[in-house]
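**Q** Dropping the sequence and predicted coords here.
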Amino acid sequence: EQRSQLRGRQRGDHVAGADLLAAAQHHAGHLAPGGGEAGELDRFVTFGACVVDLATHSVTVVSAGHMPPVIFRAATKSFEDGCTNDQTGLPLGIVEGVPYDCNTLTLGPGDCIVLFTDGVSESKNRAEKDFGMEGIFATLKTGPMTPTAMGQRLVESVHQHATGRKPHDDMTVVVFGRLS
């Protein structure tokens, strides 16, 4: 029931990322395994959201302890963080009522946003070495710079890095962008 309320907020018109996080923070005790009130358990939930405005090509990014998205800028062939460390708030369930900062950016033609969970960056190989941000950037910089190609490359590279190991955490990759 709590998750469906969040999905309903997400589908609403003109829902700001901070409003989405506020709704998630309110229900954080129900999202964390075992339930309970915020701060009551030694459990928390990281959360990241992007609210996309197709008319203006803008994306509002908000983060509650989640890895910041990586933005590929086609015009300069460069990468940047989707939000600063100062804009990345505490995970949900740590402290009730914490406000979250948003970062709104505009996507130019060919720009892409890469979202991923810490299971990607913390994926270990047989020598116990994390894939890390170095692995993510090294992978993203090779090959075509389209959302589909970047996502496939990143997933394949993480799997290759972790060959012979069971994942220790969930791994999720989402890539989207502006084509024209």
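**A** The structure has been received and is ready for your questions. What you see is a predicted model, and the numbers here were worked out from it, not measured in a lab.
**Q** Would you quantify the distance from the residue nearest in space to the middle of the chain to Pro109?
**A** In the chain, the residue lying closest to the centroid (C-alpha atoms, centre = their mean) is Leu115, at 4.1 Å. As judged by C-beta to C-beta, to the nearest Å, Leu115 and Pro109 stand 20 Å apart. C-beta here means a position set from N, CA and C on the backbone, and glycine is covered the same way.
**Q** who's in contact with Thr104?
**A** Ser58, Val59, Thr60, Val61 (C-beta atoms under 8 Å, 6 or more residues apart in numbering).
**Q** Can you report how many residues lie near the residue nearest to Gly151 when sequence neighbours are not counted?
**A** Nearest residue to Gly151, sequence neighbours excluded (C-beta to C-beta, 6 or more residues apart in numbering): Val175, at 3.9 Å. When neighbours are defined as other C-beta atoms under 10 Å, Val175 has 23 of them.
**Q** Counting neighbours, which bits of stretch 92-101 end up buried?
**A** Going by neighbour count (16 or more other C-beta atoms under 10 Å), the buried part of stretch 92-101 is Leu92, Gly93, Ile94, Tyr100, Asp101.
**Q** May I ask which two of the residues you listed are separated the most?
**A** Gly93 and Asp101 (18.4 Å; C-beta to C-beta).
**Q** Asp86 in helix, strand or coil?
**A** Under DSSP: H, G, I helix; E, B strand; the rest coil, Asp86 falls in the helix class.
**Q** Burial check on it, number of neighbours?
**A** Look at Asp86: counted by other C-beta under 10 Å, it has 8 neighbours.
**Q** Per-residue pLDDT of it, please?
**A** Per-residue confidence at Asp86 stands at 81 (pLDDT).
**Q** So it sits against Asp101, correct?
**A** Yes. The criterion here is C-beta atoms under 8 Å, and Asp86 meets it with Asp101 at 7.3 Å.
**Q** if we can go back for a sec, could you pull up the residues touching the residue nearest to the centre of the chain?
**A** So Leu115 contacts Gly48, Cys50, Met67, Pro69, Thr172, Val173, Val174, Val175 (C-beta under 8 Å, 6+ apart).
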